[in-house]
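**Student:** With the sequence up front, the predicted model follows.
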Amino acid sequence: MLRALTAAAAVFVLGAGVAFAAGKAEHPHDHAFSFDSPVGSYDMAAVQRGFQVYQQVCASCHSMDHLSYRHLGEQGGPFAAYMVRSHDTGEMEMVVRRPEHGGTFVDVTENPWVRQIASEQTITAVDPNSGQLTDRPGRISDRFRRPFPNEIAARASNGGAYPVDLSVITSARHGGADYIYALLTGYTGESQGLLYENPYFPGHLIAMPPPLGEGVVPYTDPNTPQTVEQYAADVTHFLQWAADPHMEERKRLGIVVLGFLLVLTALLYFAYKQVWRNESH
Amino acid sequence: MSGPSTYEPKTAFTRWLDRRLPIVRLGYDSFVAYPTPRNLNYWWTFGAMLSLCLVVQIITGVVLAMHYVPHIDMAFASVQRIERDVPFGWLIQNMHAVGASMFFLAVYIHMFRGLYYGSYKAPRELLWILGCVIYLLMVATAFLGYTLPWGQMSFWGATVITNLLGALPLIGEPIKNWLMGGFSVDQPTLNRFFSLHYLLPFVIAGVVALHVWALHEAGQNNPAGVDVKSKADTVPFTPHATMKDLFAMGLFLILFATFIFYMPDALGHADNFIPANPLQTPPEIVPEWYLLPFYAILRAIDFNIGPIDSKLGGVLAMFAAIGVLFILPWLDTSRVRSMRYRPIARQFFLIFVVVCIFLGWCGGQNPGNILAKAGPFSATLEWVEGGTVSQAPIQAAGESQWQEAADTAEAAAREQGATMTAVNRTGASTGSLRTVAGGAVQSRVVTAETVDALETAIGAAKVEVGQAAPFFTVERRLPPTFTVTNLSQVLTLYYFLFFLVILPLLGLREKPGRVPDTIAKPVIDGKAQGAS
């Protein structure tokens, strides 16, 4: 009877596979990201470059409402700064990446990189003296600058389409980072009116024009290619970090907790066996 | 069952306390001296895990409530703030969200265990019913809690479920509006859901106390289903059951932690990371995995039964699926508790478990998905090669006469010797008739495995024929299909048959297997007998 059931189950599962409608979006391919594995971490250089791509390309339409500039410099952020002793001079110096060993985390309020990033932005806010809306340089406590004051304005500027908020975009789409990368690199080059063909988007037509082009964002590092694929991988890396900023801490703590639980469970097992050693059951 | 208390206060303080509030005695009798059948297996350890889950949910929930804002414009952002800025907020939020799934995983195993070993039979009927009440409260609490993050799935799940209640005759609509606090899911709904979500876990805790009380009065069932005969059949709860429960709990926590730290969102739905938008329905609305079997039963009823329309029928079937558990002690007529000694019932039980799992699978699928079909999708294209095309306008007297006018015009054209006609409607009462006179009628059949592939094939055929055909008529044929809904119907039928027909009838007819002497007789000399 069980064998018959298993066979029936297999038929159903196979049938379901065939029945998938073709109008659905194409399944994104697996792209190898450094954060994929259970012990994988973010490639902070990629997250930094991705932030640059976001700032110079995506941010002209897409908000990231749940992020503040200070998040960039907090522990686990791409611009977290550390004090390390220089190998050459022996002096303490501030670096913008996690050192391989040692180093003291610099509080984000003392972080010149984040301050620089924030102050380059123009934020419209209530002036504390006049009560009027005025423009001022951004502070690290500011949220990421919104490109549009509200959804209506965003739609009005984008032919009726709403550029979605990107704060948790990799969590909010099936396929996560792979989907974002596939979408950014998946444009066929064809368009129908104001819609662009992209097989990874449900319905295959997306209102967002191909956002990336060869060389549109100048990278300072000459060894990083300035191609669409590289930009897409970098900005996806950044978006993944933005959606899951505590991933590295989470995975690190996970090892400790699981290790503790394994030892504890082993001890409990021996205690249990000890208690029951003379009992028939 | 527990017999007279054997607690003896040892110190002056406990003696003083025992005279006034014998709380230590209560704890001692319930969790230390309490006699536990010595043949319990690991399926009996899930009760302890459930207590753990309840405590974890309440503690993490209380902390989350300190940071959460029950406002439609701020709820989503407040959850994001918890994840990003609250110290270890990400951990607490993950524990709470994953904890709900773990809670249900444990409760389902606990319930299946009770089903298999007949733990609902006399004298444990009330114990079972209290358990069903706890389960029902858990479902309600989980549903309310899922609404709070105010994502797309939160909002639309709440909308679907509250609307379901509206299907009930007479009382449905008022109940629905009372529950929503208005005519749609909105701020009042979120506020009251938050309030109730905070309240219900404590109600659960109260019913759990009754559940444990009833358990300690009737005594634990055991895998043999045979009543404990003497003290020799039991061991004291502490340390024997305690240590075993703790070990099993360790394994459970390892699974729990694996989800929390490595797959925190694996059990959730991506759409709930999109803020709720009342103006945009997501492509699919599905509940969390633990409610999918009931969702499948709800959607299985897609037909009207007499005066009951399909929506009400689905709601009734869904509630009946849980309701039938309450009367299970009186549905099962077998005098044997454990299915270990019911070879036929055991087979039906195993099918029942598989059915429940597949119902869950169905609940997560698009109900129209085709699982099997009798043949391919096909279409016949007809066109005329050669011949002369002409076009004439059709003008009907009004919108209602359009069809009649079109049919008349078409029939007239056919009578005049047209080989093919096609009507093209351009307005409410206007259109044109295209006819081909002379030429040769051609036809072609295309087949495909899916509806979409069929449309592609039709398109390709049209391109291939190209200019040779002025226009086509297309007749599409769909083969008889077996969809997810059909599968759900079969599974739902078995679900109810199991409780309402199989268990009542089988209990009367089935010849139980023999209980081994080693189990039927109490252990007398303490030698190892039977297996663990």
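**Tutor:** Perfect, I can see it now.
**Student:** quick one: the one helix or strand A:A266 maps to to chain centroid distance?
**Tutor:** Taking DSSP states H and E as the definition, one finds A:A266 inside helix A:247-275. Put simply, helix A:247-275 sits 30 Å off its chain's centre (C-alpha atoms, centre = their mean, to the nearest Å).
**Student:** Establish whether that helix and chain B are in contact.
**Tutor:** Yes. Helix A:247-275 reaches chain B (C-beta under 8 Å from any C-beta of the partner chain) through A:249-251, A:253-254, A:257-258, A:261-262, A:264-265, A:268-269, A:271-272, A:275. (C-beta placed from N, C-alpha, C; glycine too.)
**Student:** from the residues you listed, which two are the most distant?
**Tutor:** A:E249 and A:V275 (37.8 Å; C-beta to C-beta).
**Student:** More neighbours: those two, which one.
**Tutor:** Neighbour count, other C-beta atoms under 10 Å in any protein chain shown: between A:E249 and A:V275, A:V275 has more, with 18 against 15.
**Student:** who's in contact with that one?
**Tutor:** B:239-240, B:243 (C-beta atoms under 8 Å, 6 or more residues apart in numbering or on different chains).
**Student:** in what helix or strand does the closest residue to B:I458 other than its chain neighbours lie?
**Tutor:** Leaving aside its sequence neighbours, B:I458 sits nearest to B:A379 (C-beta to C-beta, 6 or more residues apart in numbering or on different chains; 5.6 Å). Assigning secondary structure by DSSP H and E places B:A379 in strand B:377-385.
**Student:** Provide a list of residues in contact with the residue nearest to B:I458.
**Tutor:** Applying C-beta under 8 Å, 6+ apart, we find B:A379 in contact with B:445-447, B:454, B:457-458, B:474-477.
**Student:** mind running it again at 10 Å?
**Tutor:** Applying C-beta atoms under 10 Å, 6 or more residues apart in numbering or on different chains to B:A379 gives the contacts B:444-448, B:454-455, B:457-458, B:461, B:474-478.
**Student:** And the residues you listed, which is closest to B:R340?
**Tutor:** B:L478 (48.7 Å).
**Student:** can I assume the closest one is in contact with B:F377?
**Tutor:** Yes. Here B:L478 reaches B:F377: they are 6.1 Å apart, a contact under C-beta atoms under 10 Å.
**Student:** if you count what's nearby, which of the two comes out ahead?
**Tutor:** The neighbour count for B:L478 versus B:F377, taken as other C-beta under 10 Å, is higher for B:F377 (22 against 15).
**Student:** What is the burial count for A:P222?
**Tutor:** For A:P222, using other C-beta under 10 Å, the count is 7.
**Student:** and it, helix, strand or coil?
**Tutor:** Using DSSP: H, G, I helix; E, B strand; the rest coil, the secondary structure recorded for A:P222 is coil.
**Student:** Over to it: give its phi and psi.
**Tutor:** Here is the backbone geometry of A:P222 (degrees, to the nearest 10): phi -70, psi -20.
**Student:** separation between it and A:V47?
**Tutor:** From A:P222 across to A:V47, the span is 19 Å (C-beta to C-beta, to the nearest Å).
**Student:** Equivalent analysis for B:A406, please.
**Tutor:** Using C-beta to C-beta, B:A406 is found at 64 Å from A:V47.
**Student:** ok, those two, which is more surrounded?
**Tutor:** A:V47 (24 against 19).
**Student:** count of residues packed around the closest residue to that one other than its chain neighbours?
**Tutor:** Counting by C-beta to C-beta, 6+ apart, A:V47 lies nearest to A:P78, which is 3.9 Å off, once chain neighbours are set aside. Other residues within reach of A:P78, judged by other C-beta under 10 Å, total 27.
**Student:** Wasn't A:P78 part of a strand?
**Tutor:** No. Read with three-state DSSP, A:P78 is coil and lies in no strand.
**Student:** can you give me the helices for the stretch 301-450 of chain B?
**Tutor:** Residue ranges of the helices in the stretch 301-450 of chain B, as given by DSSP state H, counting those that start in this stretch, are B:310-326, B:328-331, B:343-363, B:402-415.
**Student:** still on that earlier bit, mind checking which of the contacts of B:A379 land in strands?
**Tutor:** Among the contacts of B:A379, DSSP state E puts B:444-448, B:474-477 in strands.
**Student:** So which of the residues you listed is the closest to A:V108?
**Tutor:** B:A448 (58.4 Å).
**Student:** which ones are touching the closest one?
**Tutor:** B:A448 is in contact with A:22, B:376-379, B:454-458, counting by C-beta under 10 Å, 6+ apart.
**Student:** what's the pLDDT at it?
**Tutor:** Per-residue confidence (pLDDT) for B:A448: 88.
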